[in-house]
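> Give me coordinates for this.
(chains A, B, C and D)
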There are 2 protein chains.
Amino acid sequence: MARSSTALHEQLLAAALRLFVQHGFRGTSLADIAAEVGCSKASLLYHFSNKEAILGELLLPVGKEMVALDARLADLEGDAAVRAGITGLVDLTVRFRQEIKVLFDNMADATALREADMEGLDGVGHRLVGVLAGGSSDPFDRVAATMALGGMFLTGGGQLEMDEETLREAMTISALRTLGRTPG
Amino acid sequence: MARSSTALHEQLLAAALRLFVQHGFRGTSLADIAAEVGCSKASLLYHFSNKEAILGELLLPVGKEMVALDARLADLEGDAAVRAGITGLVDLTVRFRQEIKVLFDNMADATALREADMEGLDGVGHRLVGVLAGGSSDPFDRVAATMALGGMFLTGGGQLEMDEETLREAMTISALRTLGRTPG
DNA sequence: AGAATAGCTGTCCGATCGGTCAGATCTGAC
DNA sequence: GTCAGATCTGACCGATCGGACAGCTATTCT
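Here you go, the predicted model:
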């Protein structure tokens, strides 16, 4: 077979993601990942320089998109910012269900992300809460914003099996409600 | 000093909780916990038969109260069940902020809980979603319920520093909104 | 055909981890 | 004082982990 090597690389990534979601980063050994795809541990370390590199390659796309969303929201204000924030977060959540769970579980371990150009990722959580709270620093608004944000992440990471369209709509409307805003 | 031994026992529990929240169960070593309170690893293992026993002693109270809440809700129906569910969850979340985070991070590892009389804990999450969804199996309702539930757990586990009364009120109202219900 | 390169593996290593154990120290009861 | 039991500790052990390395194989290029 011609490009079976590249195939293995992505098989390993998929297996790692699966195992990281199930057992956590620290709860998954290199041997586990290798065994999942039926290759040797040494072969795994041929494709990835070390364990953190797997995590990095897995989370870099999500991280980049979160930072991009964050930057996009910085130009907006008030109601427009809140709605754009929810739309963007719902989109991210639906597209990267498992990755987001892994990302937030292992934020502290993901040194690889910070060693990339991802320093911007650190404060993104707090800034998103700020946006969803409509810029308000009122405790009530911030709790609502944190709940909307947390709920989306947990719903996305959860094993809810339903068609993407319904999930998007349900998450959007529920989040708007949590923030005390009417849909539309 | 008289009962310094009992004091050490609880110092160890507090240190373990702190470290489990920060670095996770697997990311915390027995040596870390012992060092945090300045005693030897062997002394730690004198107070707790093994690492899981620490987790168990830390999570058993929360687990019991979650099962108790679950049982209490089983007798209710409709709107009353939803509101009692939210009240109960808010109460639990406020009282056991950190423990809940640890509980959900390490549900799979917490064999100790299942070895206690806590088998009832397994399905409690799904049942609570069912209650908050008002018994409905509509996908929309279940997403909203999951978001309200997830939001509360994440808000509670988060490091939001605010007075307990405000937090209770904000969480209750936000959760009711998420579920499309009017407060009061 | 032969060289070179990429892909893959078995084997080994140092570090760390959870846990054991025999013994030191301390305490209160008599 | 001394005895018993509780508390605490240093030293040690087997297992596991992340990672290094030298070599095997197959493909591709000249």
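
> Now do the same contact list for A:Asn129.
For the record, residue A:129 is Val, not Asn. Taking CB atoms under 8 Å, 6 or more residues apart in numbering or on different chains, we find A:Val129 in contact with A:Arg142, A:Ala145, A:Thr146, A:Leu149. Bear in mind the C-beta positions are built from the backbone N, C-alpha and C, glycine included.

> give me the element the residue nearest the centre of chain A is part of.
For chain A, the residue sitting closest to the mean C-alpha position, by CA atoms, centre = their mean, is A:Ile100 at 2.3 Å. According to DSSP states H and E, A:Ile100 maps onto helix A:97-105.

> The next helix or strand after that helix - contacts with which helices or strands?
Later in the chain than helix A:97-105, the nearest helix or strand by DSSP H and E is helix A:111-115. Where contact means 3 or more CB pairs under 8 Å, 6 or more residues apart in numbering or on different chains; DSSP states H and E, helix A:111-115 is packed against helix A:51-74.

> So the helix it packs on, near DNA strand C or not?
No: applying CB under 7 Å from any atom of the strand, one finds helix A:51-74 separated from DNA strand C by no less than 12.1 Å.

> what about that helix and DNA strand D, touching?
Yes: Helix A:51-74 reaches DNA strand D (CB under 7 Å from any atom of the strand) through A:Lys51, A:Glu52.

> So what angle separates the directions of that helix and helix A:97-105?
In terms of direction (axes from the mean of the first three to the mean of the last three CA atoms, to 10 degrees), helix A:51-74 departs from helix A:97-105 by 100 degrees.

> how about helix A:51-74: buried residues?
Neighbour counts over helix A:51-74 (16 or more other CB atoms under 10 Å in any protein chain shown) mark A:51-52, A:54-60, A:62-67, A:69-70, A:73 as buried.

> So it, near chain B or not?
No: figure legend: helix A:51-74 not in contact with chain B (CB under 8 Å from any CB of the partner chain); closest approach 13.5 Å.

> Next SSE downstream of that helix?
Next along from helix A:51-74, by DSSP H and E: helix A:78-95.

> Show me what that next one is in contact with.
A:62, A:65-66, A:69, A:72-73, A:76, A:100, A:128, A:131-132, A:134-135, A:148-149, A:152-153, A:155-156, A:164, A:167-168, A:171-172, A:175-176, A:179, A:181.

> Show me what the mean pLDDT comes to for it.
The predicted model assigns helix A:78-95 a mean pLDDT of 96.

> Kindly report the same for stretch A:39-51.
97.

> Just the buried residues of the helix holding A:Ile100, please?
So for helix A:97-105, counting by 16+ other CB under 10 Å, buried means A:Arg97, A:Gln98, A:Glu99, A:Ile100, A:Lys101, A:Val102, A:Leu103, A:Asp105.

> Tell me the one among those nearest to DNA strand C.
A:Asp105 (17.8 Å; CB to the nearest atom of the strand).

> how close does A:Asp122 sit to A:Arg114?
Per CB to CB, to the nearest Å, A:Asp122 is found 7 Å from A:Arg114.

> Show me how the record splits chain A into domains.
Split into domains by automatic domain parsing, chain A comes to A:1-48, A:55-178.

> The longest one: end-to-end distance?
Terminal residues of domain A:55-178 lie 33 Å apart, using CA to CA, to the nearest Å.

> picking up where we left off before, out of the contacts of helix A:78-95, list just those in helices.
Counting by DSSP state H, the part of the contacts of helix A:78-95 found in helices is A:62, A:65-66, A:69, A:72-73, A:100, A:128, A:131-132, A:148-149, A:152-153, A:155-156, A:164, A:167-168, A:171-172, A:175-176.

> Tell me who's in contact with A:Leu30.
Going by CB under 8 Å, 6+ apart, A:Leu30 touches A:Lys41, A:Leu44, A:Leu45, A:Lys51.

> Can I get the lowest-mean-pLDDT helix or strand in chain A as PDB, trimmed to CA atoms?
Lowest on mean pLDDT, DSSP states H and E among the helices and strands of chain A sits helix A:111-115, with a mean of 71. C-alpha atoms of helix A:111-115 as PDB (Å, rounded to 0.1, in the frame of the first residue of the first chain):
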ATOM      1  CA  THR A 111       2.300  23.000  27.500                       C
ATOM      2  CA  ALA A 112       2.700  22.300  23.900                       C
ATOM      3  CA  LEU A 113      -0.100  24.700  23.100                       C
ATOM      4  CA  ARG A 114       1.600  27.600  24.900                       C
ATOM      5  CA  GLU A 115       4.900  26.800  23.200                       C
END
